[in-house]
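Colleague: Below are the sequence and a predicted model for it; my questions follow.
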Amino acid sequence: MPYSPPVHSIKQSEQSRLQGQKEYNRTKRENQSFYSSSQWTKASKQYRKANPLCVMCNGKGITTPAQCVDHIKPIKYGGDPFSHDNLRSLCNMHHAQVTVEQNEKYNK
Ligand SMILES: [Zn+2]
């Protein structure tokens, strides 16, 4: 890790902004109004309450509290913003990882 931001003091959107992905940053700005909307804040909180563990850590037999709710198919690529089929709880490490993978996958 080139740097370790103090996770506790950084909001989820800020955390994502710092991941150093130009394309992702652009996407985030475009979606900023969505991610700061009370509708999403409420929906993501509810989802995380029902799914409190990182699904990717869980798949490896590791129990890690989820720190964010990820869209499996990004909204800008037509993913449903509120369908639970398109959501998954992730820790910050896996969220950063899948964000990079998604950008590579969808920018081909
Ligand atoms: Zn994880």
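Modeller: Nice, thanks for sending it over.
Colleague: Skipping adjacent residues, who's closest to the residue positioned nearest the centre of the chain in space?
Modeller: What sits nearest the mean C-alpha location of the chain, by Cα atoms, centre = their mean, is Asp70, with 3.6 Å. Closest residue to Asp70 apart from its sequence neighbours, by Cβ to Cβ, 6 or more residues apart in numbering: Leu90 at 4.8 Å. Just so you know, the C-beta spots here come from the backbone N, C-alpha and C atoms, and that holds for glycine as well.
Colleague: Tell me which stretches of the chain form strands.
Modeller: Counting by DSSP state E, one finds strands in the chain at the ranges 68-71, 87-90.
Colleague: Next to the ion in this structure, residues from this protein, please.
Modeller: Residues of the chain lying close to the ion by Cβ under 5 Å from the ion are Cys54, Met56, Cys57, Thr64, Cys91, His94.
Colleague: among those, which ones are buried?
Modeller: Cys54, Met56, Cys57, Thr64, Cys91, His94 (16 or more other Cβ atoms under 10 Å).
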